[in-house]
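Here's my sequence, what's the structure:
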Amino acid sequence: MNKDLEKLKVLYDNIDVSPNLDDVIQNAFSKKRNRKVIYMKKTNKIIKTIGTVAACGLFTIGALTNISSSFANAIYSVPGIGDFAKLVTFRNYSFENETSIAKINIPEVEFDTNKDIQDKINKIIQDKIDYILEEQAILDEEYKEAYLETGGTEETYRKIETTVDYKIGYSDDKVISFEVYKYQTLAAAYNENFYYNYNLETGDEIKLSTLLGEDFSSIIKEKVLTEMQNRMEADSNKIYDIDYFNEMTIDDSRTFYIDKDGNIVVTFAKYEVACGAMGLQEFIVGNIK
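Sure thing, here's the model as predicted:
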């Protein structure tokens, strides 16, 4: 059976997500609207059965508002945060349905100084997590169908286990930086990291060009290349694709976060500049202080 799972993992890794995701989801809703879903509330272990509104019994974020109040006390401490902003656990829940098992921790920013900025950032977070779960539901459904079509059975089917969580990076009276990430047990290629860096005075997303200046691309290229070479010299098992990196375009779409010490850390996804075994790659390219 392990060999069968490996074969199905390859199929899963090669599933294409439709660029017209909304249409795909709506079609799935229409086809399988009566499917039942089981989910568990972690706090009281009560199991409820509800009618699903999605092909995989996907819960929308808005439907869980009344679950979240008891989790608002799970406040993450942030260096230098004072009374300016907090990153808290807004909702924390788990669910299980016909294809999936998931644990979800949803953050929100509490920023009493400016509620408009608070609401703007929180809507962006909610929209992103909604999208993550919708996309994952489609992948899980397609994986199960492929599993059954290649000889698997309902009894031997192993559900995809997905976790969505977050962690704080940096915050002061002007800046907040944090990460929302998704990882799963079966197909590591679908692990994802999403970074949020905001100016708390304006509500605008912070760009690398704002932090490092007009010549930010050259600065990042130089610092990352030097660090890659240093790491390879220190450890022969670390191998970077230097030629590919030299040809890369570094622009304001490059993902980054600000760590607790104010370091600006650019990130490269798994497989992007190194072999998959090396995982996500991070490089310090400056400091906001």
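
Pretty sure residue 141 sits in a strand.
No: the assignment for residue 141, made by DSSP: H, G, I helix; E, B strand; the rest coil, is helix rather than a strand.

okay, stretch 169-180 in CSV with CA atoms only?
C-alpha atoms of stretch 169-180 as CSV (Å, rounded to 0.1, in the frame of the first residue of the first chain):
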residue,chain,number,x,y,z
GLY,A,169,7.6,38.5,13.0
TYR,A,170,8.0,42.2,14.0
SER,A,171,5.9,45.1,15.2
ASP,A,172,6.4,48.6,16.5
ASP,A,173,4.4,51.8,16.3
LYS,A,174,4.8,52.0,12.5
VAL,A,175,5.2,48.4,11.2
ILE,A,176,3.7,45.0,11.6
SER,A,177,5.1,41.9,9.9
PHE,A,178,3.7,38.3,10.2
GLU,A,179,3.3,35.1,8.2
VAL,A,180,0.4,32.8,7.5
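
Not counting its own residues, what contacts it?
78-82, 84-85, 87, 107, 109, 121, 125, 128-129, 164-168, 193-201, 206, 257-262, 288 (CB atoms under 8 Å, 6 or more residues apart in numbering). Yep, even glycine has a C-beta here, placed from its N, CA and C like the rest.

let's see it at 7 Å
Counting contacts by CB atoms under 7 Å, 6 or more residues apart in numbering, the residues outside stretch 169-180 that touch it are 78, 80-82, 84-85, 87, 107, 109, 125, 128-129, 166-168, 193-201, 206, 257-260, 262, 288.

Same question for stretch 214-229.
208, 209, 212, 240, 242, 245, 250, 251, 266, 283, 285.

one step back: looking at the contacts of stretch 169-180, which are in strands?
Of the positions in those, 87, 107, 109, 166-168, 193-199, 257-258 sit in strands, assigned by DSSP state E.

okay but residue 100 is in contact with residue 158, surely?
No: counting by CB atoms under 7 Å, residue 100 stays clear of residue 158, with 11.0 Å between them.

who has more neighbours, those two?
residue 100 (24 against 16; other CB atoms under 10 Å).

which one is the more buried one nearest to, not counting chain neighbours?
Spatial nearest neighbour of residue 100, chain neighbours left out: residue 140 (4.6 Å); criterion: CB to CB, 6 or more residues apart in numbering.

still on that earlier bit, of the contacts of stretch 214-229, just the buried ones, ChimeraX syntax please.
With 16 or more other CB atoms under 10 Å as the burial test, the buried ones among the contacts of stretch 214-229 are selected in ChimeraX as follows:
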select :208,212,240,245,250,266,283,285
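
possible to save the contacts of stretch 214-229 as JSON lines with distance to residue 277 and secondary structure?
Listed next are the contacts of stretch 214-229 as JSON lines, based on distance: CB to CB, whole Å; DSSP: H, G, I helix; E, B strand; the rest coil:
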{"residue": "208", "distance to residue 277": "28", "secondary structure": "helix"}
{"residue": "209", "distance to residue 277": "33", "secondary structure": "helix"}
{"residue": "212", "distance to residue 277": "30", "secondary structure": "helix"}
{"residue": "240", "distance to residue 277": "13", "secondary structure": "strand"}
{"residue": "242", "distance to residue 277": "18", "secondary structure": "helix"}
{"residue": "245", "distance to residue 277": "18", "secondary structure": "helix"}
{"residue": "250", "distance to residue 277": "24", "secondary structure": "coil"}
{"residue": "251", "distance to residue 277": "28", "secondary structure": "coil"}
{"residue": "266", "distance to residue 277": "21", "secondary structure": "strand"}
{"residue": "283", "distance to residue 277": "18", "secondary structure": "strand"}
{"residue": "285", "distance to residue 277": "24", "secondary structure": "strand"}
